[in-house]
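K.L.:
show me how the following folds:
(one chain, ligands or ions: 1)
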Amino acid sequence: MANIRDVAKYAQVSAATVSRVINKKGYVNKETEKRVCEALDALQYSSSEIASRNGITASSTIALILPDLTNPFFHEMARGIEDVAKKHGVIVIFFNSDDLGYKEKSYLDILTNKYMHGIIVASNSLTQEDVGRINDKDIPLVVLDRALAQDSCTTIRSNNFEGAKMAVQHLLDIGCKRIAHVYGPQEFITARERLRGYEDSVKEFPWYSPSLLIQGDFRFEGGREAVKTLLGRHKDVDGIFVGNDLMAAGALKGLLQMGIKVPGNIAICGFDGIQLTETTEPEITTVAQPIYEMGKLASKILIEKMQGISSENKVHQLSVTLIERKSTQRTTRLLQKG
Ligand code: RIB
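P.N.:
Presented below is the predicted three-dimensional model:
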């Protein structure tokens, strides 16, 4: 029995185009539509298949390109994507790009020629040209989190700028007098937006200096090394906004190894909201992204595009929430103890 990919191959179009012709939803030019109809006839694609699957067949497949499978943030995001896909009987195939542009490009070359029914990209090296190439193949695309905002596809990410301001304000509210920022790799738009939010919050304070900015790598070890560098520069720092939770856990470890009490001497706040922050001692205050929801939304929109019932290309910016925990719970008594 021919499936939607066989029809796509025969007509030399994408599976998404075949879906649109079958469902009579979304734009398809006349010449393409004619080719698809000829393919449906030639392959005797089962009408019951057409009626029952609403453009999604049992073999419909989504490719998900993630940048760093060692980071729990992406596990939770992938969980959201797969839970929605499963409900539609759609298979998700994971690819790990290790944030390497050349790896991602080779994956995209393979995927755009393998009649993938949809692609979700969560890493940062996607370019406008890549998006154009995928669109030319009529393969639905959603970019998630780190990928640059594109006006020719759907983008989903958290409000990183406002989240950073939330973190700094919380440290100010608990009485911090000099706040530093361990920032993520600046090739990631998420890290750039958090750095921008930190600077926007502190630039007016007389104590602010660019030397309070420390480069991290979004990993545990990078956070631990960053605080050692920071304390070598500024002994009087009493609050640190750390650009993601993995680095915040590393920063906590580094501070404790230097005999510094958290939160008594230095309060720390992370970003992401991964479960790891509940396992440390003290537990880490963090700005939580709606990670699972981001994954679900990406999958929902992509599948609607595959079914030809949506063709939106919007930027969805989701709200974040501050989760206060012991790493910023400071009382006068605690401060006096230092
Ligand atoms: O922890 C991984 C980080 O990379 C997260 O903050 C996420 O937003 C991504 O950009």
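
K.L.:
buried residues in stretch 134-143?
P.N.:
134-135, 137-143 (16 or more other Cβ atoms under 10 Å). Any C-beta I mention is one placed from the backbone N, CA and C, and that applies to glycine too.

K.L.:
close to the ligand, is that stretch?
P.N.:
No - judged by Cβ under 6 Å from any ligand atom, stretch 134-143 and the ligand are separated, with a smallest distance of 12.1 Å.

K.L.:
show me how far that stretch is from its chain's centre.
P.N.:
18 Å (Cα atoms, centre = their mean, to the nearest Å).

K.L.:
any idea which of the buried residues of stretch 134-143 is closest to the ligand?
P.N.:
Distance to the ligand across the buried residues of stretch 134-143 (Cβ to the nearest ligand atom) is lowest for residue 143, with 12.1 Å.

K.L.:
residues near residue 172, how many?
P.N.:
Counted by other Cβ atoms under 10 Å, the residues lying close to residue 172 total 15.

K.L.:
hang on, it packs against residue 166?
P.N.:
No - judged on Cβ atoms under 8 Å, residue 172 makes no contact with residue 166 at a distance of 10.9 Å.

K.L.:
thinking again about what came up before, can I get the buried residues of stretch 134-143 in CSV including pLDDT and secondary structure?
P.N.:
Putting the buried residues of stretch 134-143 into CSV (pLDDT from 0 to 100; DSSP: H, G, I helix; E, B strand; the rest coil) gives the following:
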residue, pLDDT, secondary structure
134, 88, helix
135, 86, helix
137, 85, coil
138, 84, coil
139, 89, coil
140, 92, coil
141, 93, strand
142, 95, strand
143, 94, strand
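
K.L.:
save those residues as TSV, and put in distance to residue 261 too.
P.N.:
As requested, these are exported to TSV (distance: Cβ to Cβ, whole Å):
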residue	distance to residue 261
134	51
135	54
137	56
138	58
139	53
140	51
141	48
142	44
143	42
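
K.L.:
and the furthest pair within these?
P.N.:
138 and 143 (16.9 Å; Cβ to Cβ).

K.L.:
report back the residue of this structure that's furthest from centre.
P.N.:
residue 42 (42.0 Å; Cα atoms, centre = their mean).

K.L.:
how much space separates it from the ligand?
P.N.:
46 Å (Cβ to the nearest ligand atom, to the nearest Å).

K.L.:
shouldn't residue 129 be within a helix?
P.N.:
Yes - under DSSP: H, G, I helix; E, B strand; the rest coil, residue 129 falls within a helix.

K.L.:
can you pull the contacts of it?
P.N.:
By Cβ atoms under 8 Å, 6 or more residues apart in numbering, no residues touch residue 129.

K.L.:
before we move on, what about the one 10 residues further on?
P.N.:
Taking Cβ under 8 Å, 6+ apart as the definition of contact, the neighbours of residue 139 are 14-16, 111-112, 116-119.

K.L.:
next: residue 254.
P.N.:
223-228.

K.L.:
that one is in what secondary structure piece?
P.N.:
helix 245-257 (DSSP states H and E).

K.L.:
and that helix, what's buried?
P.N.:
Quick answer for helix 245-257 (16+ other Cβ under 10 Å): 245-255.

K.L.:
now check the following helix or strand past that helix, is it near the ligand?
P.N.:
Downstream of helix 245-257, the next assigned helix or strand under DSSP H and E is strand 267-272. Yes - using Cβ under 6 Å from any ligand atom, we find that strand 267-272 touches the ligand at 271-272.

K.L.:
who touches strand 267-272?
P.N.:
Here strand 267-272 has contacts from 73, 160, 163-164, 167, 170-171, 174, 176, 194, 238-249, 251-252, 255, 262, 277, 284-289, 291, 327-328, 330, using Cβ under 8 Å, 6+ apart.

K.L.:
sheet partners, orientation included, of that strand?
P.N.:
strand 239-242 (parallel), strand 285-288 (parallel) (DSSP bridges).

K.L.:
quick one: that strand to helix 245-257, angle?
P.N.:
In terms of direction (axes from the mean of the first three to the mean of the last three Cα atoms, to 10 degrees), strand 267-272 departs from helix 245-257 by 160 degrees.

K.L.:
great, nothing more from me.
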